[in-house]
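> model this:
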Amino acid sequence: MGISLHSYTGLNQCTGSLYELDDYGISNSLVLKNLLLPAFTLGIRPLAVIVQLSRNSLLEVLSMDYIRTAHAKGLNKKIVIFKHALRNSLNPVITAISGWFASLLAGAVFVEYIFAWNGLGKEIVDALNNMDLPVVMGSVLFISIIFIVINILVDLIYMLVDPRIKIE
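This is a model prediction of the structure:
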């Protein structure tokens, strides 16, 4: 008969994970509070850069001639900002967001290992510690496929945002 840490501390064996088991290990439940700190760790730096880039890009577009022309025609300020200025200022922001996905995927490896989540990142670190190179190569191949799919989706988003971009 082993000593159960849960009976003394009230903590599950999977404390900090995204899923927590009940006392009997029969059912698990999603615990979103354990998602806050890893999400904050991964997202705070890219969020700050993207907000600053969005602001600078929007201010640059708002000083252009066609925005002044739209105001002179008597268009509502909200229509000018959302329909004309925001759509034209999103191209550099989308480019920056697509570039940050690579760092987020790489950062997810470390965040999973630090927060002891069982995922692809922890599997990569364990495989590197055990010199299991086929697992490392397969994991890197899988992450690169995800990155390629994200870049294709970003190119499709460019078409939605900017009507000048077409598929040929």
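
> And the helix or strand hosting Ile79, what does it pack against?
Per DSSP states H and E: Ile79 is located in helix 77-79. Helices and strands touching helix 77-79, by 3 or more CB pairs under 8 Å, 6 or more residues apart in numbering; DSSP states H and E: there are none. (Each C-beta comes from the backbone N, C-alpha and C, glycine too.)

> Check which residues of the very next helix or strand once past that helix are buried.
Sequence order places helix 86-114 as the next helix or strand after helix 77-79, per DSSP H and E. By neighbour count with 16 or more other CB atoms under 10 Å, helix 86-114 contains the buried residues 86, 88-91, 93-94, 96-98, 100-101, 105, 107-109, 111-113.

> gap between helix 86-114 and the chain center?
The chain centre lies 6 Å from the centre of helix 86-114; the measure is CA atoms, centre = their mean, to the nearest Å.

> Stretch 132-140 too?
23 Å.

> Need the CA coordinates for stretch 35-48. CSV is fine.
In CSV, the C-alpha atoms belonging to stretch 35-48 read as follows (Å, rounded to 0.1, in the frame of the first residue of the first chain):
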residue,chain,number,x,y,z
LEU,A,35,-4.0,27.5,-19.0
LEU,A,36,-3.6,31.2,-17.9
LEU,A,37,0.1,31.2,-16.9
PRO,A,38,1.4,29.3,-19.9
ALA,A,39,-0.7,31.4,-22.3
PHE,A,40,0.5,34.5,-20.7
THR,A,41,4.1,33.3,-20.9
LEU,A,42,3.9,32.5,-24.6
GLY,A,43,1.7,35.5,-25.7
ILE,A,44,2.8,38.6,-23.8
ARG,A,45,5.8,39.5,-25.9
PRO,A,46,4.2,38.9,-29.4
LEU,A,47,1.0,40.7,-28.2
ALA,A,48,3.0,43.9,-27.3
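
> Noted, bye for now.
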